[in-house]
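[1] sequence? don't have it. structure:
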């Protein structure tokens, strides 16, 4: 089946015009390739997405998930509407529509307009939705299956097993940079169309309206995040949050050299340097993998070419903005419009 991944967020050399009948990720699958047995480790968004798309293309896909159910990862789920071009969209997945972000530096407020707009998505519902799509496409999903050795009996293995990826470790690859994200919720009606962000030296604190509740969170240095989270909550007078959870957020680009084993999503470290969001980046990498499947070497080259420079630029610009905002805030504009997935710096 052809992919619906829009050329709007790929490099120009990858663009195709769907109005002229082209598709960015359509590919021919040799009948011998369709007999490939594929193991996917991890049933998060990226693992389930890959299992759905590869199963639809005729591959024999088995997913191994260590948890007894899907949708257990803490995640803010602030995802751009590009996701509508990747999965058959269901409006019940979105708890609120977000069109901008108010960045609160000590001496300056910046109104950042998102283009495209974002949704506050319930990650548990999204995971369960993709789980159903994958199973309906023929994927075999084994829950409660903790992997302690490389899956055997498969032609290809894809690690989508998160920040502490066993597959990455088994390949003797280095870890990405680890940051800690922590979130909690206040039950209150909140249908504002913007999020609020308070940058600090090690990261930032956020407030996301989610319809019937408000999410508060912090991402930063794992050594100080919990303390900084509590401090900011105290400043805002929000000391009684519910359902507080934390998760490690990997950032980097870890690319294997294997012809038969690869990584995607968090296992590869694909999270945006400026926000820690990883869904659209991970799905973009998944589309690159699907287009090149079963040629993992070509996938590795293309994913490096697409994300490498973006990650470097993102880190540099993010550090510069933090420095200016906290030290010379008047140098920053009061209003900006930006593509928060793939900004043009």
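    Looks like it came in fine. Small disclaimer: the values here were computed from a predicted structure and weren't measured.
[2] mind listing the strands for the stretch 151-300 of the chain?
    Counting by DSSP state E, counting those that start in this stretch, the segments of the stretch 151-300 of the chain that form strands are 156-159, 177-190, 194-199, 204-209, 211-220, 242-251, 261-263.
[3] mind giving me CSV with those strands and columns for mean pLDDT?
    Shown next, in CSV, are the strands of the stretch 151-300 of the chain (pLDDT from 0 to 100):
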stretch, mean pLDDT
strand 156-159, 98
strand 177-190, 94
strand 194-199, 96
strand 204-209, 96
strand 211-220, 94
strand 242-251, 94
strand 261-263, 98
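[4] Would you mind telling me which of those is nearest residue 139?
    strand 156-159 (12.2 Å; C-beta to C-beta). The way it works is simple: take the backbone N, C-alpha and C, and place the C-beta from them, glycine included.
[5] Run the chain-centre distance for that closest one.
    18 Å (C-alpha atoms, centre = their mean, to the nearest Å).
[6] got the strands of the stretch 151-300 of the chain as TSV, with distance to residue 141 columns?
    Formatted as TSV, the strands of the stretch 151-300 of the chain follow (distance: least, C-beta to C-beta, whole Å):
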stretch	distance to residue 141
strand 156-159	14
strand 177-190	26
strand 194-199	33
strand 204-209	30
strand 211-220	28
strand 242-251	22
strand 261-263	19
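[7] among those strands, which is nearest residue 232?
    strand 204-209 (4.3 Å).
[8] Can you list the strands that the closest one pairs with?
    Sheet pairing of strand 204-209 (DSSP bridges) gives strand 194-199 (antiparallel), strand 211-220 (antiparallel).
[9] Of these, flag the one that's most buried.
    strand 211-220 (a mean of 21; mean count of other C-beta atoms under 10 Å).
[10] residue boundaries of the helices in the protein?
    45-56, 123-136, 166-170, 225-236, 279-292, 296-327 (DSSP state H).
[11] ok, and which of these has the densest surroundings?
    helix 45-56 (a mean of 27).
[12] could you say what helices and strands that one packs with?
    Packing partners of helix 45-56 (3 or more C-beta pairs under 8 Å, 6 or more residues apart in numbering; DSSP states H and E): strand 37-41, strand 60-65, helix 123-136, helix 279-292.
[13] and those as TSV, adding mean pLDDT and distance to residue 307?
    As requested, those are exported to TSV (pLDDT from 0 to 100; distance: least, C-beta to C-beta, whole Å):
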stretch	mean pLDDT	distance to residue 307
strand 37-41	98	20
strand 60-65	98	24
helix 123-136	96	22
helix 279-292	97	7
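[14] between the helices of the chain, which one is nearest to residue 181?
    The nearest among those, by C-beta to C-beta, is helix 225-236 at 7.6 Å.
[15] quick one: low-confidence ranges for the stretch 201-345 of the chain?
    When residues are selected by pLDDT under 70, those of the stretch 201-345 of the chain lie in 345.
[16] coming back round to it: just tell me which of the strands paired with strand 204-209 ends up closest to residue 56.
    So among the strands paired with strand 204-209, strand 211-220 is nearest, using C-beta to C-beta, at 32.0 Å.
[17] Out of the helices of the chain, which is closest to residue 179?
    helix 225-236 (7.8 Å).
[18] could I get the strands paired with strand 204-209 as CSV with distance to residue 281?
    Listed next are the strands paired with strand 204-209 as CSV, based on distance: least, C-beta to C-beta, whole Å:
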stretch, distance to residue 281
strand 194-199, 19
strand 211-220, 15
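[19] Columns distance to residue 64 on top of the helices of the chain, output as TSV?
    Rendered in TSV, the data for those read as follows (distance: least, C-beta to C-beta, whole Å):
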stretch	distance to residue 64
helix 45-56	9
helix 123-136	13
helix 166-170	10
helix 225-236	30
helix 279-292	17
helix 296-327	18
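[20] Nearest to residue 339, out of the ones you listed?
    helix 279-292 (10.6 Å).
[21] For that closest one, which helices and strands make contact with it?
    Short answer (3+ C-beta pairs under 8 Å, 6+ apart): helix 279-292 packs on helix 45-56, strand 78-80, helix 296-327.
[22] for the longest one, packing partners?
    Read it as helix 296-327. strand 94-105, strand 194-199, strand 261-263, helix 279-292.
[23] now do the second one
    In this structure, strand 78-80 packs against strand 108-121, helix 279-292, with contacts taken as 3+ C-beta pairs under 8 Å, 6+ apart.
[24] Could you dump these into a markdown table and include distance to residue 259?
    Putting those into a markdown table (distance: least, C-beta to C-beta, whole Å) gives the following:
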| stretch | distance to residue 259 |
| --- | --- |
| strand 108-121 | 35 |
| helix 279-292 | 12 |
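[25] Identify whichever of these lies nearest to residue 147.
    Of the helices and strands packed on strand 78-80, nearest to residue 147 by C-beta to C-beta is helix 279-292, at 19.3 Å.
[26] coming back round to it: closest one to residue 81 among the helices and strands packed on helix 296-327?
    Per C-beta to C-beta, nearest to residue 81 of the helices and strands packed on helix 296-327: strand 94-105, 8.6 Å.
[27] Pull up the pairing partners for the closest one, direction included.
    Strand 94-105 has these strand partners (DSSP bridges): strand 108-121 (antiparallel), strand 194-199 (parallel).
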